[in-house]
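> Okay, predicted coordinates and the sequence, questions at the end:
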Amino acid sequence: MKMLIKNGRVIDPANKIDEIYDILIENSKIARIAKDIKPNGAEVIDASGKIVIPGLVDMHVHLREPGREDKETVATGTFAALCGGVTSCLAMPNTNPAMDSGENIKLLNGIIKDTAKNNVFIAGAITKAREGKELTDIKILKKEGAVAITEDGSSVDSEDLMLDALKKAAGEKVLVISHCEDKSLSGRGCVNRGFISTRMGLRGISKESEFTRVARDIELALKAKARIHIAHVSCKESVDLIAKAKKKGAQVTAETAPHYFSLDETLLLGYDSNLKMNPPLRTKADIAAIKAGLKDGTIDAIASDHAPHTENEKQIEFDRAEFGVVGLETELAAAITELIDMGVLSWIELVKKISYNPAQILGIDKGTLAQGADADIAIISPGEEWAVTKESMHSKSKNSAFLGRKLKGVVEYTILAGKIVYKREG
Amino acid sequence: MGWTRKDLLGLEDLSKEEITLILDTADSFKEVSTREIKKVPALRGKTVVNLFYEPSTRTRVSFEVAAKRLSADVINIATETSSVKKGETLIDTGANIEALKVDIIVMRHNYSGAAIMLAKHVKASVVNAGDGWHEHPTQALLDMFTLREKLGKIEGLNVTIVGDIAHSRVARSNIWGLTKLGAKVTVCAPEMLIPPGIEEMGAKVSHDIDDALRNADAVNVLRMQFERDDGDAFPKQLEYFKNFGITEERLAKVKKNIIVMHPGPINRGIEMSSEVADGANSVILEQVTNGIAVRMAVLFLVAQANENIKHEDAD
């Protein structure tokens, strides 16, 4: 089974490629990248005028299964991923049961084997039942396939426990991903603390609640001589702290999500709960800092923090609505719209943030179009605009922060292990 | 310029002209309550539902009296007696009320933004009777109506709002309304009760009540809810009265004719002394009377605008 992608603009940051090439795929791997490859019986995809990139590696996805199959399942979430050009994702462990034991990871691995439509990697929990009291057995989690551990959804409040987790994870060479939030500061807040929270009459979530925890966890990682990855960076102060730590030589990496570089807090004034997430949308100055951080390399990765919730959990009073937005189907287009079109990143830089770097951070063999690599590929029409509507979405939940907006960049094909697994409708 | 909005959700979005129009309309309705037969047929055949998710006597009664003086039929729904406790969503409740062919829903809700949400989902007019800490537009309007009646104008006045600004929808609506009409607003409270960024709404912040009263033409004293048990920081009751309570001694040092307002119900001896509450500067009971005229004006204007919207839709 051979496939030939002809005349596309191929972007592969791993090999510093940004040029029109043909890509030949054989036996689920990339066989050759060159000019004018002859089909010789291969199935040909004409990619003229299109951009060809390694499939997205989204390192922050809530697939909700097991436990909340009403919000999303591995099957629906991973199909939504393919629609967004995402060929690999990291499943967050805040399921029910949480991914806190070898047995539970086995259970999820079974579901993935039977139903997943793309490559799903698993993050284990840091503490048992995500209660912040007792560490999970990192060795066993790793043995069953976890590539990282995280308490995502909350932060490990106990400094001793977090330090211990970092030390053990370093010993096992497992990445620790930190959701940075000091709950004693954020409390029951639900929008950025400041003029907007006051104007809306809502409790605020201060930036301090995020960046003080970023500072703490970087310090702990240094002490433990461990790697740490900061999830969903939303504010300028966090960007500054991470930049400083990198200069000091800390093994720190960071991600942000498209809503943090696209949307600011003033959009919340209509109380649209599809814009409610944690951390919350911040100010225009924070957006500028996030973009600068992406440009200068402080922020290594873009991840969706895909967090599906049902209409019943969202279409209620703002205070009561769940935190979180879906993002698998919009992350690439939002990034093209806000980062490429606005001249923040070059294509090679964007693909680095959205495919190559996350794969490197997770230590998985993805995110490149190098010869011999898995043929996980997205082919996109970068200039085409589309409207984000509930009808346009394939995720089981429709709680997108971009609903009603126009974004640029349409996924034409998603190819997984050399097979076309998604083709644009119509 | 006429009134074109289906709903009254807050004062933040209103123009100076729209606010003035409500106050002028209220002026013309005030006289109705002094007649022997206190009724005009302006809303005859219309149905008003008072949907109250929070216990409230005075606001609900004020709206009820206002609607009845306009000849509307009034239905009161309180959470204790409704299906709300059975877990019905606000949108479903709104749809069910609308199915009763109701014209205006007056809603009090404990969550900020609830009125905005309801208004998006019903064709009936929605009047916000207070949502969380967000807005309480008719209270601010009646405060402004009273000020204008007493002092002849709003523009240029110095108005001090004292009390729990952080948790107060009355404060927020007053700041929006008063500043739009050209008054200078100072909010005064202990630091923990001043919400972040309030200056950007156009208010000056003070932590010294004597200082904040010095040039004030009026002081609006908010109710202090010492029974709050939501974990938010709150001052001690006695200390609060000592440092921020409005007393005759304090008023003796400021403008002689300073107007003292309170949205009620008053905690005597907590946010103000009994002498002040009952004293010559107090207009607290006049506020209650004016509340009826202001709410008549609001009900009348939104009903009329919604009629026009429906006619346009039909064309």
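Structure's in. What do you need? Residues are numbered from 1 along each chain as shown, chains lettered A, B, ... in the order given.
> does chain A sit close to the helix or strand that B:Thr179 is a member of?
Using DSSP states H and E, B:Thr179 sits within helix B:169-180. Yes: using CB under 8 Å from any CB of the partner chain, a contact is recorded between helix B:169-180 and chain A, made by B:Arg169, B:Arg172. All C-beta atoms are positioned from the backbone trio N, CA, C, and that covers glycine.
> Hmm, B:Ala129 is touching B:Thr59, no?
Yes: between B:Ala129 and B:Thr59 there is a contact under CB atoms under 8 Å: 5.3 Å.
> quick one on the thing from earlier: remind me what the helix holding B:Thr179 packs against, helices and strands.
helix B:16-30, helix B:137-151, strand B:158-162, strand B:184-188 (3 or more CB pairs under 8 Å, 6 or more residues apart in numbering or on different chains; DSSP states H and E).
> Of those, which is nearest chain A?
With CB to the nearest CB as the measure, strand B:184-188 is the member of the helices and strands packed on helix B:169-180 nearest chain A (10.9 Å).
> element containing A:Ala165, please.
Going by DSSP H and E, A:Ala165 is part of helix A:159-172.
> List the buried residues in the helix or strand that that helix is followed by.
On the C-terminal side of helix A:159-172, the closest following helix or strand by DSSP H and E is strand A:175-178. For strand A:175-178, burial by neighbour count (16 or more other CB atoms under 10 Å in any protein chain shown) applies to A:Leu175, A:Val176, A:Ile177, A:Ser178.
> out of those, which one sits closest to B:Gly197?
Proximity of the buried residues of strand A:175-178 to B:Gly197 was ranked by CB to CB; the top entry is A:Ser178 with 28.6 Å.
> Please name the residues that touch the nearest residue to that closest one once chain neighbours are set aside.
Excluding the flanking residues, the one nearest A:Ser178 by CB to CB, 6 or more residues apart in numbering or on different chains is A:Asp217, at 4.6 Å. Taking CB atoms under 8 Å, 6 or more residues apart in numbering or on different chains, we find A:Asp217 in contact with A:Met162, A:Ser178, A:Cys180, A:Ile228, A:Ile230.
> what do you get if the cut-off is 7 Å, keeping everything else the same?
A:Met162, A:Ser178, A:Cys180, A:Ile228 (CB atoms under 7 Å, 6 or more residues apart in numbering or on different chains).
> Average pLDDT for stretch A:134-151, rounded please.
Averaged over stretch A:134-151, pLDDT sits at 98.
> Output that stretch as PDB - backbone C-alpha positions only.
The C-alpha coordinates for stretch A:134-151 follow below in PDB (Å, rounded to 0.1, in the frame of the first residue of the first chain):
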ATOM      1  CA  GLU A 134      -0.800   9.800  48.700                       C
ATOM      2  CA  LEU A 135       1.400   9.400  45.700                       C
ATOM      3  CA  THR A 136       0.500   6.900  43.000                       C
ATOM      4  CA  ASP A 137       3.100   4.200  42.100                       C
ATOM      5  CA  ILE A 138       4.800   6.000  39.300                       C
ATOM      6  CA  LYS A 139       6.800   3.000  38.300                       C
ATOM      7  CA  ILE A 140       3.700   0.900  37.700                       C
ATOM      8  CA  LEU A 141       1.900   3.700  35.900                       C
ATOM      9  CA  LYS A 142       4.900   3.900  33.600                       C
ATOM     10  CA  LYS A 143       5.100   0.200  33.100                       C
ATOM     11  CA  GLU A 144       1.400   0.200  32.000                       C
ATOM     12  CA  GLY A 145       2.200   3.000  29.500                       C
ATOM     13  CA  ALA A 146       1.800   6.300  31.200                       C
ATOM     14  CA  VAL A 147       4.200   8.800  29.500                       C
ATOM     15  CA  ALA A 148       3.600  11.600  32.100                       C
ATOM     16  CA  ILE A 149       1.900  12.300  35.400                       C
ATOM     17  CA  THR A 150      -0.200  15.200  36.300                       C
ATOM     18  CA  GLU A 151      -2.900  16.200  38.700                       C
END
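> May I see the buried residues of the helix or strand bottoming out on mean pLDDT in chain B?
Ranked by mean pLDDT, DSSP states H and E, the weakest helix or strand in chain B is helix B:237-244, scoring a mean of 92. Neighbour-count burial for helix B:237-244, counted by 16+ other CB under 10 Å, picks out B:Tyr240, B:Phe241, B:Phe244.
> go on, stretch A:120-137?
So stretch A:120-137, judged by 16+ other CB under 10 Å, has buried residues A:Val120, A:Phe121, A:Ile122, A:Ala123, A:Gly124, A:Ala125, A:Ile126, A:Thr127, A:Arg130, A:Gly132, A:Leu135, A:Thr136.
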